[in-house]
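Student: Build me a model:
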Amino acid sequence: MLVNIVHFPKIKDGKDKDFLQWFADSNRAYADHPGFIRRILLRPREDGNYVAIVEHESHETFMVMHTSSTQAALRKEVQPLFVMAPPTPNSMMSWLNDGAIGRSPSCRSHFISTR
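Tutor: As a prediction, this is how the structure comes out:
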């Protein structure tokens with residue numbers, strides 16, 4: 001099993017309700033992907049950021065979902081809700097994005113495997 005911990009960027013003021021709706025909608029979309037187990041959203045305390053815990057059968061099934069057209073479309077939907085900081089050279093290695101140099105990252109991610 002693979003666990004992915006996702007640290008979302010700060011949500012723009014007044015957009016939390018939209019983000020929560022996007023998260024619920026995206027869970028339904030991701031549920032159709034083979035290997036998807038579940039995805040949980042942890043709410044921030046005070047001025048913190050949202051964190052998601054994603055469980056997949058394996059790193060391979062996660063990467064199929066992560067590189068899918070579903071994920072690309074959902075990323076485009078959520079990005080306007082984020083307060084984006086310009087990436088630094090050091091942050092580019094630790095942030096997941098669509099691979100385009102110079103674009104702002106969408107979320108930072110950590111993988112944990114039980115194998």
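
Student: Who are the contact partners of P44?
Tutor: 50-51 (C-beta atoms under 8 Å, 6 or more residues apart in numbering). The C-beta positions use only the backbone N, C-alpha and C, and glycine is treated the same way.

Student: Is it in a helix, a strand, or coil?
Tutor: Here P44 is recorded as coil under DSSP: H, G, I helix; E, B strand; the rest coil.

Student: same check, this time on T61
Tutor: helix.

Student: For it, which non-adjacent residue is spatially closest?
Tutor: G35 (2.4 Å; C-beta to C-beta, 6 or more residues apart in numbering).

Student: Double-check that I37 belongs to a helix.
Tutor: No: per three-state DSSP, I37 lies outside any helix segment and is strand.

Student: residues in contact with the residue nearest to T61?
Tutor: 56-58, 60-62, 64-65.

Student: per-residue pLDDT, P89?
Tutor: Looking at P89, its pLDDT reads 43.

Student: got it, and the one 3 residues further on?
Tutor: You'll see M92 listed with a pLDDT of 35.
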